[in-house]
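Visitor: Have a look at this prediction, sequence included:
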Amino acid sequence: MTTTDNQSMTVFDAINEVSNRVGSLAKDGVNLHQKYNFRGIDQLVTAVQPVLNDVGVAIVPTVLEYKSEDRVTADKIQRWCTVLVKYTIHGPAGDTTEAILVGEANDTADKAMNKALSNAAKYFYFQTFWFGVGGMDDGDLDHNEAAPRQYGKPAQMENRPAQQQTRQAAPASGDLSSEAQQRKIWAMAHKTLEWNDSLMYDQIELALGERIADLKLLTKRQASVVIEAFQAHIDNPSASTEAPAPAEYDGYGGEDF
């Protein structure tokens with residue numbers, strides 16, 4: 001079937017046609033560090049692009065949002081990038097549909113944004129055309145581990161209740177912590193106490209009794225409480241805040257589905 005023959009095909013029919021022609025994709029990429037196979041973006045483009053051209057499908061990406069931040073690990077700084085990308089799919093008849101995907105990746109050099117864009121693109125193709133399932137992102141070509149040095153014995157977040165929720169939404173803007181408070185908390189945790197992000201947020205939860213997803217979501221009062229708690233760790237490195245008691249078993253063990 002040629003592109004001329006497809007001119008009356010809707011964009012959704014074209015998606016099905018591409019999916020049928022490509023079928024499944026084998027995991028040809030190999031992660032030597034953790035010893036597993038995955039599907040790579042180069043493999044995907046090589047297999048799919050000729051079919052898209054033949055059916056008459058064009059795909060145009062638009063970056064809607066992106067976030068880039070540096071995170072300190074044991075002995076280096078990692079750049080973490082997150083992108084929100086809209087893909088507009090143009091069918092052979094001229095109609096369109098859209099899909100929005102998130103991509104995230106990290107790198108110790110300058111490749112984090114490239115990896116994030118590649119991951120968003122790859123999962124757009126997999127989840128729109130359903131060529132196969134279970135593919136791993138291109139960030140799996142390498143492996144970054146964080147092993148922070150610690151002063152004292154910070155409490156470990158064990159037996160966290162499975163149903164405990166992390167606050168994602170910000171409080172009223174007038175109650176939000178200042179940028180100076182946020183910078184001070186980050187510096188106390190990462191530079192003075194030499195904690196990584198995970199341990200920092202665990203200790204914030206111990207201080208507040210509530211899981212916070214981002215420092216920007218702290219209120220002014222909460223930020224003051226956290227600063228006071230972190231200062232106590234600095235003044236007395238052997239001190240440890242008591243971890244919250246585990247919740248009673250409610251029939252849900254938190255297993256992966």
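Guide: Happy to help now that I have it.

Visitor: Run through the stretch 151-257 of the chain and note the low-pLDDT ranges.
Guide: 151-174, 237-257 (pLDDT under 70).

Visitor: need the helices for it, in chain order.
Guide: Ranges of helices within the stretch 151-257 of the chain are 179-187, 197-208, 220-235, based on DSSP state H, counting those that start in this stretch.

Visitor: Now do the strands in the protein.
Guide: 29-31, 36-38, 58-72, 77-90, 96-107, 166-167, 211-212 (DSSP state E).

Visitor: just so I know, which of those lies nearest residue 178?
Guide: strand 211-212 (15.7 Å; Cβ to Cβ). Using the backbone N, CA and C atoms, a C-beta is placed for each residue, glycine as well.

Visitor: what's the closest one packed up against?
Guide: Judged by 3 or more Cβ pairs under 8 Å, 6 or more residues apart in numbering; DSSP states H and E, the packing partners of strand 211-212 are strand 166-167, helix 197-208.

Visitor: about what we covered before: how about the helices of the stretch 151-257 of the chain in a markdown table, adding distance to residue 40?
Guide: As requested, the helices of the stretch 151-257 of the chain are exported to a markdown table (distance: least, Cβ to Cβ, whole Å):
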| stretch | distance to residue 40 |
| --- | --- |
| helix 179-187 | 35 |
| helix 197-208 | 28 |
| helix 220-235 | 42 |
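
Visitor: possible to save the ones you listed as CSV with mean neighbour count and distance to residue 214?
Guide: Listed next are the helices of the stretch 151-257 of the chain as CSV, based on neighbours: other Cβ atoms under 10 Å; distance: least, Cβ to Cβ, whole Å:
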stretch, mean neighbour count, distance to residue 214
helix 179-187, 15, 9
helix 197-208, 19, 9
helix 220-235, 16, 12
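
Visitor: so which of these gets nearest residue 106?
Guide: helix 197-208 (11.5 Å).

Visitor: The closest one relative to strand 58-72, how many degrees between them?
Guide: 70 degrees (axes from the mean of the first three to the mean of the last three Cα atoms, to 10 degrees).

Visitor: so what does helix 197-208 touch, helix or strand wise?
Guide: Applying 3+ Cβ pairs under 8 Å, 6+ apart, one finds that helix 197-208 contacts helix 179-187, strand 211-212, helix 220-235.

Visitor: who touches residue 111 in this structure?
Guide: Counting by Cβ atoms under 8 Å, 6 or more residues apart in numbering, residue 111 makes contact with residue 105.

Visitor: between the strands of the chain, which one is nearest to residue 231?
Guide: The minimum distance between residue 231 and those falls on strand 211-212, with 18.3 Å, by Cβ to Cβ.

Visitor: Pairing partners for that closest one, with directions?
Guide: With DSSP bridges as the test, strand 211-212 is paired with strand 166-167 (parallel).

Visitor: thinking again about what came up before, in JSON lines: the helices and strands packed on helix 197-208, plus distance to residue 106.
Guide: Output for those, formatted as JSON lines (distance: least, Cβ to Cβ, whole Å):
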{"stretch": "helix 179-187", "distance to residue 106": "18"}
{"stretch": "strand 211-212", "distance to residue 106": "21"}
{"stretch": "helix 220-235", "distance to residue 106": "25"}
